[in-house]
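> pasting a predicted model and its sequence here:
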Amino acid sequence: MSRSFFVVPSSYVLLRRGSEVLLQVRQNTGYMDGHWACGAAGHVEVDESAHQAAVRESREELDIEVDAADLNPVCAMHRTGRSDDPTSERVDFFFTVDAWRGTPRIAEPSKAADVRWHDLADLPDDVVPHERVVLDGLRTGDLPSIVQFGFDA
């Protein structure tokens with residue numbers, strides 16, 4: 001018998017500047033604190049599209065304005081936490097963007113300890129693992145439109 005679960009959708013925004021991406025260090029979130037993560041990311045809220053969530057998260061976390069039309073879909077990721085928690089099943093929408101208004105900064109200092117540009121060819125070791133898969137795929141150009149993470153091969 002299969003168990004019931006809820007799919008939790010999230011949007012991730014990778015600001016691009018040539019071969020660089022903007023990453024932040026997570027803190028006080030309860031998930032992968034101390035690790036580098038996408039510049040902006042968060043859950044899609046009720047009655048909100050993945051694009052709208054990406055725009056909102058960019059404003060909330062980095063204090064920048066992103067136009068939804070400038071978001072470039074990179075991939076969707078279906079991932080599992082492989083637990084009995086019915087919310088351990090996730091669908092993540094990854095976007096890149098190379099145009100925005102404002103200067104990216106830590107806008108939620110209680111949730112981010114640092115924000116910095118990193119070259120895709122020289123990423124820090126401590127990147128959130130499922131996000132590292134996408135970043136590595138961007139670097140190599142080998143990224144399927146749907147990525148699976150946490151499932152048996």
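Received the coordinates, thanks. Numbers count the residues shown, from 1 in each chain.
> the helices in this protein, which residues?
With helices called from DSSP state H, the chain shows them at 50-62, 129-140.
> which strands and helices sit next to the shortest one?
Under the contact definition 3 or more C-beta pairs under 8 Å, 6 or more residues apart in numbering; DSSP states H and E, helix 129-140 sits against strand 7-17, strand 72-80, strand 89-97, strand 146-149. All C-beta atoms are positioned from the backbone trio N, CA, C, and that covers glycine.
> and if we set it to 7 Å?
strand 72-80, strand 146-149 (3 or more C-beta pairs under 7 Å, 6 or more residues apart in numbering; DSSP states H and E).
> which of those sits most buried?
Counting by mean count of other C-beta atoms under 10 Å, strand 72-80 has the highest mean neighbour count of the helices and strands packed on helix 129-140, with a mean of 16.
> can you list the strands that it pairs with?
The strands beside strand 72-80 in its sheet (DSSP bridges) come out as strand 89-97 (antiparallel), strand 146-149 (parallel).
> mind putting those strands in JSON lines, mean pLDDT and distance to Phe5 included?
JSON lines is the format used below for those (pLDDT from 0 to 100; distance: least, C-beta to C-beta, whole Å):
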{"stretch": "strand 89-97", "mean pLDDT": "95", "distance to Phe5": "5"}
{"stretch": "strand 146-149", "mean pLDDT": "95", "distance to Phe5": "15"}
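> out of these, which gets nearest to Val25?
strand 89-97 (19.1 Å; C-beta to C-beta).
> who's in contact with that closest one?
5-16, 50, 54, 66, 70-80, 134 (C-beta atoms under 7 Å, 6 or more residues apart in numbering).
> can you tell me how far the residue nearest to Asp63 when sequence neighbours are not counted sits from Phe94?
Distances taken as C-beta to C-beta, 6 or more residues apart in numbering place Ala107 nearest to Asp63, at 4.0 Å, with adjacent residues excluded. Separation of Ala107 from Phe94 (C-beta to C-beta, to the nearest Å): 21 Å.
> repeat that for Glu60.
18 Å.
> Val8 now?
For Val8 relative to Phe94 (C-beta to C-beta), the value is 15 Å.
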